[in-house]
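Trainee: 3D model of this:
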Amino acid sequence: MSTRNRLKQAALVAVVIAAALALTDKLGFGLPLLLMLVSMLGLVAYAAPQLGVRWLDDLILLARSWLWRHDHGSLHSFGGLRLEIEDIHGEMWIAADSLQRAINQREPEDVTAARLAGQWRRNHNGDIMLNVKAVVQHLATMPDRSNLRVQRFRRYLERDVLYPAARRRNERSG
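Mentor: Next up, the predicted model:
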C-alpha cells in the first residue's frame, strides 16, 4: 500500500472520529462521555498499571496490524521497492511483477514465466510466482546481465533470500 493511500486512509479515520465526536456533542452527551472514558482509563492506569499497559499494548498492536495488513509477510525490499517473496516448503518464490519492477523490465508476466519454463506457479491471488533459484540463474545468463542493477539484484537474491532460507532449512533439519 502506498504512502498516499495510507494518508487517505488515516484522513478518513480522522474524519469519521471527528464526525462521531461532533454528533455526540450535538446530542448533548459528548463531553460527559469523554470525561467518563478518560476517568475510567485513569482509574485503570492508577489501580492496575500492568493491566492498563497490557491493554494499551494490545490496542497499539491491533491498530498496527490493521494498518499494515496489506504488507503482512512482505519482509523484502530492494532499492525502495517492496518485493513479494514467499517461502513454500523450503522453496523461495518471487512474484513476477516484483522481479520486473526490481530490474526495470517491462514485459508481460507470461513472457517472464515462459523464460523460466517449469519454474513458476500461480499463488492464491492468481499472480505468477517464480522460483528464486531459477531467477538467479536467469539473471546470470540473460543478455542484459552486465547491467549494474541486475547484478545488484542477483546478489541481493543470493545473499538476502536464498542463503538465509538455506540456513533456516539446515537449522530445522539438524
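
Trainee: so residue 145 sits right up against residue 139, yeah?
Mentor: Yes. Counting by Cβ atoms under 8 Å, residue 145 touches residue 139, with 6.5 Å between them. The way it works is simple: take the backbone N, C-alpha and C, and place the C-beta from them, glycine included.

Trainee: who has more neighbours, those two?
Mentor: residue 139 (21 against 12; other Cβ atoms under 10 Å).

Trainee: can you give me the strands in the chain?
Mentor: Taking DSSP state E as the test, the strands found in the chain are 76-78, 81-83, 85-88, 91-95, 120-122, 128-131.

Trainee: Export those strands as a markdown table, with columns for mean neighbour count and distance to residue 161.
Mentor: As requested, the strands of the chain are arranged in a markdown table below (neighbours: other Cβ atoms under 10 Å; distance: least, Cβ to Cβ, whole Å):
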| stretch | mean neighbour count | distance to residue 161 |
| --- | --- | --- |
| strand 76-78 | 17 | 7 |
| strand 81-83 | 16 | 9 |
| strand 85-88 | 16 | 6 |
| strand 91-95 | 20 | 6 |
| strand 120-122 | 15 | 16 |
| strand 128-131 | 22 | 11 |
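
Trainee: looking at the ones you listed, which is closest to residue 59?
Mentor: strand 81-83 (26.5 Å; Cβ to Cβ).

Trainee: So which other helices or strands are in contact with that closest one?
Mentor: strand 76-78, helix 96-102 (3 or more Cβ pairs under 8 Å, 6 or more residues apart in numbering; DSSP states H and E).

Trainee: Residue 141 versus residue 96, what's the distance?
Mentor: From residue 96 across to residue 141, the span is 18 Å (Cβ to Cβ, to the nearest Å).

Trainee: Around residue 99, count how many other residues there are.
Mentor: Number of residues near residue 99 (other Cβ under 10 Å) recorded here: 25.
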